[in-house]
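Peer 1: below is the sequence, then the predicted model.
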Amino acid sequence: EVQLVESGGGMVQPGGSLRLSCAASGFTFNNYDMSWVRQAPGKGPEWVSGINTFGDSTYYADSVKGRFSISRDNAKNTVYLQLNSLKPEDTALYYCARPPLGLRIGPQGTFEYDYWGQGTQVTVSS
């Protein structure tokens with residue numbers, strides 16, 4: 001059974017940092033690109049970042065470029081998202097998502113996923 005389990009969310013003040021983790025199981029992790037997608041209250045989902053299978057190509061939405069950093073540890077079947085310089089508009093439920101096998105995430109991201117985690121809440125407020 002494929003499982004994606006996010007953790008690391010919380011409440012922080014503007015300018016603060018968080019590190020999100022997504023632990024994957026039930027599939028060959030290093031065969032898949034991975035993404036982070038977020039959804040703010042009352043808004044549609046927004047692709048945030050993606051990473052290729054080797055972890056040497058990373059992509060970001062313009063809204064987070066320069067502040068967020070995605071990485072992965074294939075030995076631990078885990079993908080991470082480092083969130084720095086957080087803003088109130090970053091408040092959202094953050095999901096880890098797996099695209100179909102063979103789909104390569106590029107600079108424009110994707111919303112084509114076959115598995116999602118349950119999400120971890122990030123709240124940025126003073």
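Peer 2: Perfect, thanks for sending it.
Peer 1: tell me which element the residue nearest the centre of the chain is part of?
Peer 2: Geometric centre of the chain, nearest residue: residue 36, 2.2 Å, by CA atoms, centre = their mean. When secondary structure is defined by DSSP states H and E, residue 36 falls within strand 34-39.
Peer 1: tell me if I'm right that residue 40 and residue 63 touch.
Peer 2: No. Under the criterion of CB atoms under 8 Å, residue 40 lies out of contact with residue 63, with a separation of 11.0 Å. For the C-beta atoms, the positions are set from N, CA and C on the backbone; glycine is no exception.
Peer 1: common neighbours of these two, please.
Peer 2: 46, 89 (CB atoms under 8 Å, 6 or more residues apart in numbering).
Peer 1: below-threshold pLDDT in the chain: ranges please.
Peer 2: Within the chain, not a single segment meets pLDDT under 70.
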